[in-house]
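Build the 3D model from these lines:
(one chain, ligands or ions: 2)
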Amino acid sequence: MLTVLSVKDAKERILSAVTAQTHCTTVPLPDATERVLARSVAAQHDLPTFPRSTMDGYAVRAKDTFGASESMPALFDVAGEVMMGQAPPAAVAAGQALRIATGGMLPEGSDAVVMVEHTEDLGGATLAVNRAVAPGENTIARGEDIKAGETILPAGHILRPQDIGALAAMGQVMIDVAQKPRVAILSTGDELVMPDMEPKEGQIRDINSYLLSAWAQRCGAEPSRLGIIPDTAEELLNALQNTGDYDCVILSGGSSAGTRDHTASCIDQLGKPGVLFHGVSMRPGKPLIFGVVDGKPYFGLSGNPTSAMVGFLLFVRPLLLQMAGAVERNPVITARAERNLSSASGREDYIRAALYEQEGQLWARPILGQANLISTVVRGDALLRIPQNSEGIEAGDTVEVMLI
Ligand SMILES: Nc1nc2c(c(=O)[nH]1)N[C@H]1C(S)=C(S)[C@@H](COP(=O)(O)OP(=O)(O)OC[C@H]3O[C@@H](n4cnc5c(N)ncnc54)[C@H](O)[C@@H]3O)O[C@H]1N2
Ligand code: MOO
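Ligands and ions are numbered 1, 2, ... in the order given. Model (predicted):
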């Protein structure tokens, strides 16, 4: 029987039915990109560990430049040069300057850098400075970037390229990350053949297991495509019984109410509690099945590729992230709808849309087409959400969009 839930309720039931996996593994820093951090990382030292110049010029005591101007330059003795990657050769005393490059270590005694453009070399180690600098100007203080002991990245954070850079700066070369959830992906349907086959009349190539495993990879999971299962209950049950090594199972096709659709009954036959709900009031992807057997989640997504993808993004992705202990970063992005769109009240719609910018505004141009058409998501950049209680939107309305 089809018990239809709202998108919100369905997501809540899914997330509360499965507990997070806390297994952790240690990987070399370059392999940690897009992985979920298992433990928070605190800075073991200040960054930078020494004060640095941010300009090419001369390290000075700021107060020695006060009042300096083009017509009344301040004169300095150039007492040497700070070499890159080396400690300064000397401290800066009153009336002295040390030549320094961007990134060079600020000498003791100095607290500012005068840009070379604002100086004139008068020869004989004498320098004219024709602009005053304030204390701290053109420098970075020790610890200004990151302070020792500060939490740089919290547990559950999905590591982005910039995070990898920060970890490198801290000398963290081995990173504790959550183990990737292992996801079994199966396509069901007598009409399906592998992508490397030439389909005969009435046959089509399997899109979903490739589409879904690519998305699973993007969510930090480890997908395995277990192939195409014919539309018989025996073969489906047999295939499901062979998914013991996986943390999550995703099926597509065979989820609607048709007589040949066996997904729900096979999940129930696997064990308890079995199917928790069948159907979500949304379009596309309404005939979505979710079940749990011995703590392991099972999804039966619609066969239509776009519906399968929407079901994955709304329900499977948050669960996979939760299983890895990840904190989902889901900033709501809004855009203005280019045209009117109708929807049935009581149902949440996800319309494929192309985004473009016009006069500083983000606009969403709906891409209309059946959920079976893969081109709608290929040409689209986002899914435009029409909320459950809405009967549609009007051109110019601000709507939520999910980037795809
Ligand atoms: N009489 C009714 N018919 C249908 C209803 C309904 O309420 N009453 N719902 C429609 C909706 S909505 C959807 S969505 C589909 C759901 O169907 P299934 O999830 O059972 O999937 P299939 O029937 O197996 O396939 C639907 C469609 O997608 C193609 N497909 C399936 N798997 C793949 C794959 N791996 N790669 C590419 N394409 C795939 C399949 O060939 C069908 O064209 O039911 C509607 N019908
Ligand atoms: O609701 Mo079905 O999932 O695509 O058309």
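
Run a quick neighbour tally on Lys8.
A count of nearby residues for Lys8, using other CB atoms under 10 Å, gives 11. All C-beta spots, glycine's among them, are computed from the backbone N, C-alpha and C.

what's the helix or strand for it?
helix 7-17 (DSSP states H and E).

now the residue located most distally from the centre of the chain: how far from Met72?
Note on the chain: the largest C-alpha distance from the chain mean falls to Gly124, namely 56.9 Å (CA atoms, centre = their mean). As judged by CB to CB, to the nearest Å, Gly124 and Met72 stand 20 Å apart.

One more: Val82?
For Val82 relative to Met72 (CB to CB), the value is 27 Å.

Compare these two (neighbour count), which wins?
Val82 (25 against 9).

I'd say that one and Ala91 touch.
No. Using CB atoms under 8 Å as the test, Val82 is too far from Ala91 to be in contact (11.2 Å).

which residues touch whatever residue of the stretch 151-300 of the chain ends up closest to ligand 2?
Residue nearest to ligand 2 within the stretch 151-300 of the chain (CB to the nearest ligand atom): Pro284, separated by 3.2 Å. Residues near Pro284 by CB atoms under 8 Å, 6 or more residues apart in numbering: Ser302, Asn304, Thr306, Ser307, Val310, Tyr350, Ala371.

Now, the residues you listed that are in helices?
Using DSSP state H, the members of the contacts of Pro284 that fall within helices are Thr306, Ser307, Val310.

List the residues that contact the last one.
By CB under 8 Å, 6+ apart, Val310 lies in contact with Met282, Pro284, Gly285, Tyr350, Leu383.

Which residues of the stretch 101-250 of the chain lie near ligand 1?
Ser187, Gly189, Glu191, Leu192, Ile204, Asp206, Ile207, Asn208 (CB under 6 Å from any ligand atom).

Just those: which are in helices?
Those of these mapping onto helices are Asn208, per DSSP H.

Tabulate the residues of the stretch 101-250 of the chain next to ligand 1 (JSON lines), appending neighbour count and pLDDT.
What follows is those, written out as JSON lines (neighbours: other CB atoms under 10 Å; pLDDT from 0 to 100):
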{"residue": "Ser187", "neighbour count": "26", "pLDDT": "96"}
{"residue": "Gly189", "neighbour count": "19", "pLDDT": "92"}
{"residue": "Glu191", "neighbour count": "15", "pLDDT": "93"}
{"residue": "Leu192", "neighbour count": "25", "pLDDT": "95"}
{"residue": "Ile204", "neighbour count": "11", "pLDDT": "96"}
{"residue": "Asp206", "neighbour count": "23", "pLDDT": "97"}
{"residue": "Ile207", "neighbour count": "20", "pLDDT": "97"}
{"residue": "Asn208", "neighbour count": "29", "pLDDT": "97"}
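
Filter the residues of the stretch 101-250 of the chain next to ligand 1 down to the ones in strands?
Members of these lying in strands (criterion: DSSP state E): Ser187, Leu192, Ile204.

Tell me if I'm right that the second one and Gln203 touch.
Spelled out, that is Leu192. Yes. The criterion here is CB under 8 Å, and Leu192 meets it with Gln203 at 7.2 Å.

what about whatever residue of the chain ends up closest to ligand 1, neighbour count?
Nearest to ligand 1, among the residues of the chain, is Gly303, at 2.3 Å (CB to the nearest ligand atom). Number of residues near Gly303 (other CB under 10 Å) recorded here: 24.

and it, how far is that from Glu191?
Following CB to CB, the distance that separates Gly303 from Glu191 is 9 Å.

right, and Thr232 touches His262 too?
Yes. Assessed by CB under 8 Å, Thr232 is found in contact with His262 at 7.4 Å.

Which one's more surrounded, those two?
Between Thr232 and His262, counted using other CB under 10 Å, His262 has the larger neighbour count: 23 against 13.

how about the nearest residue to that one, chain neighbours excluded?
When the adjacent residues along the chain are set aside, His262 lies closest to Ala233, with 4.2 Å between them (CB to CB, 6 or more residues apart in numbering).

Check the gap between the one you found and Pro287 for me.
Ala233 sits 17 Å away from Pro287, taking CB to CB as the criterion.

The two: who's more crowded?
Neighbour comparison, Ala233 and Pro287: the larger count goes to Pro287, with 25 against 15 (by other CB under 10 Å).

tell me the pLDDT at that one?
Predicted confidence (pLDDT) at Pro287: the value is 91.

Over to the one 3 residues further on?
Per-residue confidence (pLDDT) for Phe290: 97.

residues contacting it?
10, 13-14, 17, 275-278, 297-300, 315.

switch to 7 Å and redo it
Contacts for Phe290 (CB atoms under 7 Å, 6 or more residues apart in numbering) come out as Ile14, Leu276, Phe277, Phe299.
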